[in-house]
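Trainee: Need coordinates for the following:
(2 chains)
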Amino acid sequence: DAGVTQSPTHLIKTRGQQVTLRCSPKSGHDTVSWYQQALGQGPQFIFQYYEEEERQRGNFPDRFSGHQFPNYSSELNVNALLLGDSALYLCASSLYHFSNQPQHFGDGTRLSIL
Amino acid sequence: AQSVSQHNHHVILSEAASLELGCNYSYGGTVNLFWYVQYPGQHLQLLLKYFSGDPLVKGIKGFEAEFIKSKFSFNLRKPSVQWSDTAEYFCAVMYSSASKIIFGSGTRLSIRP
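Mentor: Residues are numbered from 1 along each chain as shown, chains lettered A, B, ... in the order given. Purely as a prediction, here's the structure:
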């Protein structure tokens, strides 16, 4: 039973570029949430997708956008990259209608902006 | 605003010492509470969770946490730590009004062999 998988594991970009990160949820899960974890900080909620729609959003600018596909996998897109976007990006999956079940996290994608 | 506070950024203990990591959250109605652990080079793993019922929750690896509603606290405890408990520990809250999880800033635990 595969857990949450994310790709790539590490990415290096320069300021102004655009990046796409990918996530496949744990088998049986239908909801994907994205978090940004800056060095020395706890994860910060970016947004959540269910039924291919953004359901909730944290305090992140419109440069951060996402998508969910019919197979429940998801992408996180960041445009016009800033140095401050350097962080570990975590994907978590869950079941939308079972909020008493915890989210399962992937290993993350480490994004470095030069 | 909904928030979670972890009081200790870095805790250093000797093996067999007792552990208590503090966590407080801001009021926001009904909450679900979690402790996650992140071992070096590994992904976030759930240690334990509280949704309802007995406020003393037992998790994996001998950890437990107590939900004290009047104090808005959910402190993590372990009677005797081991070197393998070296990790980053995150307290997290899910308010019933939303399904997003709000994390604390984490506590780094270092165990001296």
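Trainee: what's the pLDDT at the residue positioned nearest the centre of chain A?
Mentor: Closest to where the C-alpha atoms of chain A average out (Cα atoms, centre = their mean) is residue A:34, at 3.1 Å. Listed pLDDT for residue A:34 reads 97.
Trainee: Same question for residue A:28.
Mentor: Reading off the model, residue A:28 has pLDDT 92.
Trainee: okay but it is in contact with residue A:98, surely?
Mentor: No: applying Cβ atoms under 8 Å, one finds residue A:28 not in contact with residue A:98, separated by 10.5 Å. Using the backbone N, CA and C atoms, a C-beta is placed for each residue, glycine as well.
Trainee: Looks to me like the residue nearest to the centre of chain A is in a strand.
Mentor: Yes: counting by DSSP: H, G, I helix; E, B strand; the rest coil, residue A:34 is part of a strand.
Trainee: Next up, the contacts around it.
Mentor: A:23, A:45-48, A:66, A:74, A:76, A:89-92 (Cβ atoms under 8 Å, 6 or more residues apart in numbering or on different chains).
Trainee: again, only using 7 Å
Mentor: Residues in contact with residue A:34 (Cβ atoms under 7 Å, 6 or more residues apart in numbering or on different chains) are A:46-47, A:66, A:76, A:89, A:91.
Trainee: neighbour-wise, which of the residues you listed leads?
Mentor: residue A:91 (29 neighbours; other Cβ atoms under 10 Å in any protein chain shown).
Trainee: ok, and that residue, which helix or strand is that part of?
Mentor: strand A:87-94 (DSSP states H and E).
Trainee: Pairing partners for the helix or strand following that strand, with directions?
Mentor: Helices and strands here follow DSSP H and E; after strand A:87-94, the next one along the chain is strand A:104-105. Sheet pairing of strand A:104-105 (DSSP bridges) gives strand A:87-94 (antiparallel).
Trainee: Provide the contact partners of the partner strand at residue level.
Mentor: Contacts of strand A:87-94 (Cβ under 7 Å, 6+ apart): A:4, A:6, A:21, A:23, A:25-26, A:29, A:31-38, A:43, A:74, A:76, A:101, A:103-106, A:108-111, B:44.
Trainee: Give the ChimeraX command for selecting the buried subset of the residues you listed.
Mentor: A single ChimeraX command selects the buried members of the contacts of strand A:87-94 (16 or more other Cβ atoms under 10 Å in any protein chain shown):
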select /A:4,6,21,23,25,26,29,31,32,33,34,35,36,37,43,74,76,103,104,105,106,108,109,111 /B:44
